[in-house]
Each structure stands twice: as C-alpha cells, then as structure tokens.
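>>> coordinates only, sequence not included:
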C-alpha cells in the first residue's frame, strides 16, 4: 500500500508519496510523469516520513539548506538510480551538466563514453524532485532544458538557490 500527502509550496502544490517508511515520490502537481511510481492503491495519510519531508521543504523554501535527507526509496532502474545518486551529490546553489553526469556514469561502468541523452531521460524521470535535485542539471551550452515541473519552476528554484544565471538561457522551440 502506498500513501500520499499534499504540500502547498510557494511554487504550487506538491504531492508526496510513500511506501509507508520511505519517500517514493515528490512531484509538483500536474508535472510531466506525475505519480509515475505511485501504486494503483493508495490512501491519504500523515506519516513520519511526510513530516520529515515537510520539514525539509519548509527549510528549503525559506531559503535554508536542509542538513538532512528524508528516507527515500528509488523505484526505478539501476541506470536511473546511478544518475539520481549523482544528482544527490550536486550541492545547493551549484549545477552540473548532463555531459558531466554522463562522464561520471561512463567512468563507473568502465566504458569510454555514455550518452548525455540517456542521462537526460533518467533526469527527466526523477520521481523525487527537489530532494533529488534534477533542477540543478543543465545543458553543456548553458541551456535550461528538461525540467518535468516546467522551466519556469526550474528558473525560480535556481534563482532561489542564488545560482549565477548569466550563462544560462531558455532554448527556443524548434520551428516545424
């Protein structure tokens, strides 16, 4: 059985999901891939992991840097877990590129090269947003692409973290 809890953030509603012990999901309401790891049967319930996550979110949205991480359970593939673990290492107020993550994964796997596009797919399917900070992943050329919660939220989150935004840009949509 899975459980959910709702949180009202300054950037909109957030749905939290848990397996009863650990956080399995944290999504901005209506974001791409919303509730993709949530079981078909779930109920609303307040749990200790939700209280910890709300505390984390309150600290984060007040401009602080949480010094703890709620228990998380990554319901995903081994490849995505590897990418998400790298994202967990990106410090508050810093960014990393898809290419840098691909390089780390290639080194871990003992291969010469890893696809930045494959990394992008793993980043985009992050089901524990904010805590696993996919908003801190940017294109090598400074493109602020690929945030399932929406580029407007990505920009607000990076700005809130006081990231120097001068080298970043929002990509233009491709012409048909």
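Alright, I've got the coordinates. Quantities reported herein were computed from a predicted structural model and do not represent experimental measurements. Residues are numbered from 1 along each chain as shown.
>>> If you drop the residues flanking it in sequence, what lies closest to the residue positioned nearest the centre of the chain?
Nearest residue to the geometric centre of the chain (Cα atoms, centre = their mean): residue 129, 3.0 Å. Closest residue to residue 129 apart from its sequence neighbours, by Cβ to Cβ, 6 or more residues apart in numbering: residue 26 at 5.2 Å. Using the backbone N, CA and C atoms, a C-beta is placed for each residue, glycine as well.
>>> gap between the helix or strand hosting the one you found and the chain center?
Per DSSP states H and E: residue 26 is located in strand 23-28. A distance of 9 Å separates the centroid of the chain from that of strand 23-28, by Cα atoms, centre = their mean, to the nearest Å.
>>> Check stretch 66-79 too.
Worked out by Cα atoms, centre = their mean, stretch 66-79 lies 10 Å from the chain centre.
>>> Likewise for stretch 130-147?
For stretch 130-147, the distance to the chain centre is 9 Å (Cα atoms, centre = their mean).
>>> Can you pull out the low-pLDDT segments for the chain?
173-176 (pLDDT under 70).
>>> circling back: ok, the residue nearest to residue 129 - contacts?
14, 15, 16, 17, 53, 127, 128, 129, 130, 131 (Cβ atoms under 8 Å, 6 or more residues apart in numbering).
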